[in-house]
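S.K.: sequence? don't have it. structure:
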C-alpha cells in the first residue's frame, strides 16, 4: 500500500476558511506566558468542521468505495460507517462504565475490530486515508507565521486537542517539520487518543496546568486557543487559563449558544485570524492591533 506521504499527496487539496461574520475582540490582548492550541478548526481548516467518527462524509461514497476496493475489503461504504460508529459507541460505553466521563478511542484498535486486520501499518494507512476522505483538512491561514513568532520569542507553546495518531502526521506534513522543530513543547502537548480522555473533559487541561506549574509558568497568564466554547473555552477557564475563541471559519466555529454555561461565558479574546495572536507573543505588536 502507499506510504503516508503518497497518501497525503493523493488526498490533500487546498481549502479556504469561510468567513464567520464575527468581529474580533482583542481588547484584552497581552503578552502571554504560554499558548496552547486546539487543532481541528483552529490550526487546521476542517472540511467536516471537526474530528469525529459519526459524521457524514464530505465527499461522495465513491471515494470510500474505491478505498475499500484497493484494500480488498468486501464492505459497502454505508456498512463500513455503521460498523465504525457502533464499535466506537461500544468502546465509549465500556469506558464510561469504568468512570471515564468523556472517553476517547484509539482509532487503530477500532479499525482493527471493524476490519478484522492485524497489520498495523496497513491499519494506519487505511485510517489515514479514510480520515482524509471524510474530513479534508488544510492549514489555517497564519499558522506558520504564528508558530514562527512563538518560536522566535521562545514562548512555550503546546497543544490540547481531540486527535488521533494521524493528526500529528498531517500537521507535521503541512508544516514541513516536526512539531518540536516548530516550537511545540512535548511537555505541553496533550492528544485525546494518548490521554484516554476527550474534551470537554477537563483532564487534558488539568494535566497542562500541572505541566506549566512544573515549568514555573503561571497558568493565569497562559492562553488556550480553540474554536469551540464547550470543548475549549469552558474547560480551559475551569483550569484557570486565559482563553481565545477562534472564529475564523464558519465550518468549525462552535459558539454553543443553546448550552447554558456557554451562553453565560465569554472568552478573553475573539480572534478571526491566527496572525492576530502574534501580538500575544510579541509585546511590540500589541500597539499595532
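M.R.: Here it is on my side, so go on. Only a predicted model underlies this, so the values are computations on that prediction, with no experimental measurement involved.
S.K.: which secondary structure element contains residue 75?
M.R.: No secondary structure element spans residue 75, as it lies outside all helices and strands (assigned by DSSP states H and E).
S.K.: what's around residue 79, how many residues?
M.R.: Neighbour count for residue 79, taken as other Cβ atoms under 10 Å: 12. Every residue, glycine included, has its C-beta placed from N, CA and C.
S.K.: same question, residue 71
M.R.: So residue 71, with other Cβ under 10 Å, has 17 neighbours.
S.K.: from memory it sits against residue 122, does it?
M.R.: Yes. Taking Cβ atoms under 8 Å as the contact criterion, residue 71 and residue 122 are neighbours in contact, 7.3 Å apart.
S.K.: what sits against the residue lying closest to residue 38 once chain neighbours are set aside?
M.R.: Using Cβ to Cβ, 6 or more residues apart in numbering and skipping residues adjacent in sequence, the residue nearest residue 38 is residue 226, 3.6 Å away. Applying Cβ atoms under 8 Å, 6 or more residues apart in numbering to residue 226 gives the contacts 37, 38, 41, 42, 160, 232, 233, 236, 243, 244, 245, 246.
S.K.: These in helices, which ones?
M.R.: Taking DSSP state H as the definition of helices, the contacts of residue 226 contribute residue 236.
S.K.: so where's the stretch 1-150 of the chain shaky on pLDDT?
M.R.: For the stretch 1-150 of the chain, applying pLDDT under 70 flags the ranges 1-2, 50-59.
S.K.: Which parts of it are helices?
M.R.: Listed from the start of the chain, the stretch 1-150 of the chain has helices (DSSP state H, counting those that start in this stretch) covering 4-11, 61-70, 77-97, 107-115, 120-134, 143-152.
S.K.: between these, which one is nearest to residue 258?
M.R.: Taking Cβ to Cβ, helix 77-97 is the member of the helices of the stretch 1-150 of the chain nearest to residue 258, at 22.6 Å.
S.K.: how much does the closest one deviate in direction from helix 61-70?
M.R.: 80 degrees (axes from the mean of the first three to the mean of the last three Cα atoms, to 10 degrees).
S.K.: Counting by contacts, list what helix 77-97 packs against.
M.R.: With contacts defined as 3 or more Cβ pairs under 8 Å, 6 or more residues apart in numbering; DSSP states H and E, helix 77-97 has these neighbours: helix 61-70, helix 107-115.
S.K.: Good, we can wrap up now.
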